[in-house]
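Enquirer: Got a sequence here, can you build the structure:
(one chain, ligands or ions: 1)
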Amino acid sequence: MSLVKLENVSKQFMGITVLENVSIDIIDKEFVGIIGQSGAGKSTLLKIIAGLEKADSGCVYIGDRIVKEPSPEVAYMFQDYRLFPWLTVKENIIFPLRTLNLPKHRIASLYERVTYYMEILGLVEKLNAYPHELSGGLKQRVALCRALCTSPKVLLLDEPSSALDMFTAINSWHLLRKLFEEVRDTIFIIVSHNLDEIAFLCDRVIVLSNNPGRVIADINLKDLKSKLSCQDIDVNFIFSEEFLEIKRTIAYYLFKSGSSKSFKALNESDIDHMHETK
Ligand SMILES: Nc1ncnc2c1ncn2[C@@H]1O[C@H](COP(=O)(O)OP(=O)(O)OP(=O)(O)O)[C@@H](O)[C@H]1O
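Expert: Presented below is the predicted three-dimensional model:
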């Protein structure tokens, strides 16, 4: 049974095809990355999964439900975080609980869970602060915690680290990966054009072509990453051979999809055979 399924999703804007027959099937809890050049349709795809944008044809399923509009099952973390400036960190984080009509015991259990995420993300000392008092990295953590507050089935991350410096971004990837291991039953889907970010975070990478956006590779990184324990995926991971190998593989498909005439990959056949998801 699929947890998230996209079936031949296509989308045009003003007569130009942005996405063409995009099909993706997620059957396990995975951290899925969608990478492609600027304009490939990554954000549009994410908005279609969230029900914020409608596909012209094709279908998106969350479990057996067809996505027709936004729902609490799918959380979306925007690039600019969209924190409410007039609310404290804690009020921002638990805001979604106020908007849902849930029984008290369910609210209590969600509250308990999100309190745990606040601890993992190092936010406990900052609960009474206001967004303008926070660094970019802390704002991102608050937005992340808020997105997970309702225990969604899917968390969509739109270029979460684009506003962060390299050092803060790497630390945030470590936290994000740790959170992913802790959160039960939530699929994380991230779009980015940052190769390092995708390589660090993801178990599976979908590469989109440009004009129109089509799936040109579906790369399984799980086997390679399963050899590493969760503790190994910390900041030191970026210095490892595995990290370089993952980046090289993704870059191969990304450049293959582009128009760079000077691109010439070494060991082409090795890469083709080793990593493509069947
Ligand atoms: N609401 C809209 N109306 C018209 N055109 C749009 C709309 N949203 C996106 N587009 C166009 O669709 C194309 C894909 O946009 P999208 O933002 O999905 O790409 P992207 O891969 O996320 O790019 P980037 O990495 O630069 O954010 C772009 O050419 C964009 O201008």
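Enquirer: Next, count neighbours for the closest residue to residue 128 other than its chain neighbours.
Expert: Of all residues not flanking residue 128 in the chain, residue 88 sits nearest, at 5.3 Å (CB to CB, 6 or more residues apart in numbering). Every residue, glycine included, has its C-beta placed from N, CA and C. Residue 88: 16 surrounding residues under other CB atoms under 10 Å.
Enquirer: same check, this time on residue 165
Expert: When neighbours are counted by other CB under 10 Å, residue 165 comes out with 10.
Enquirer: Also the one 10 residues further on?
Expert: Here the neighbour count serves as a burial measure; for residue 175 (other CB under 10 Å) it reads 17.
Enquirer: Check residue 176 too.
Expert: Using other CB under 10 Å, residue 176 has 23 neighbouring residues.
Enquirer: mind pulling up the phi and psi values for it?
Expert: phi -60, psi -40 (degrees, to the nearest 10).
Enquirer: Torsion angles phi and psi at the residue of the stretch 51-200 of the chain found nearest the ligand?
Expert: Nearest to the ligand in the stretch 51-200 of the chain, going by CB to the nearest ligand atom, is residue 193, at a distance of 5.1 Å. Backbone torsions for residue 193, taken as degrees, to the nearest 10, come to phi -110, psi 10.
Enquirer: Next secondary structure element downstream of whatever helix or strand residue 111 lives in?
Expert: Residue 111 is located in helix 104-120, with elements delineated by DSSP states H and E. Using DSSP H and E, the helix or strand that directly follows helix 104-120 along the chain is helix 136-148.
Enquirer: Get me the contact residues on the chain for the ligand.
Expert: Contacts of the chain with the ligand, taken as CB under 6 Å from any ligand atom, map to 13, 14, 18, 36, 38, 39, 40, 41, 42, 43, 44, 193.
Enquirer: Could you name the helices and strands sitting against the helix holding residue 111?
Expert: helix 89-99, helix 136-148, helix 166-182 (3 or more CB pairs under 8 Å, 6 or more residues apart in numbering; DSSP states H and E).
Enquirer: The residue of the stretch 51-200 of the chain closest to the ligand touches residue 38, doesn't it?
Expert: Yes - counting by CB atoms under 8 Å, residue 193 touches residue 38, with 6.1 Å between them.
Enquirer: Comparing those two, which residue is more hemmed in?
Expert: Neighbours were tallied for residue 193 and for residue 38 using other CB under 10 Å; the higher tally belongs to residue 193 (17 against 7).
Enquirer: Return the residues in contact with that one.
Expert: Contact analysis of residue 193 by CB atoms under 8 Å, 6 or more residues apart in numbering lists 35, 36, 37, 38, 42, 159.
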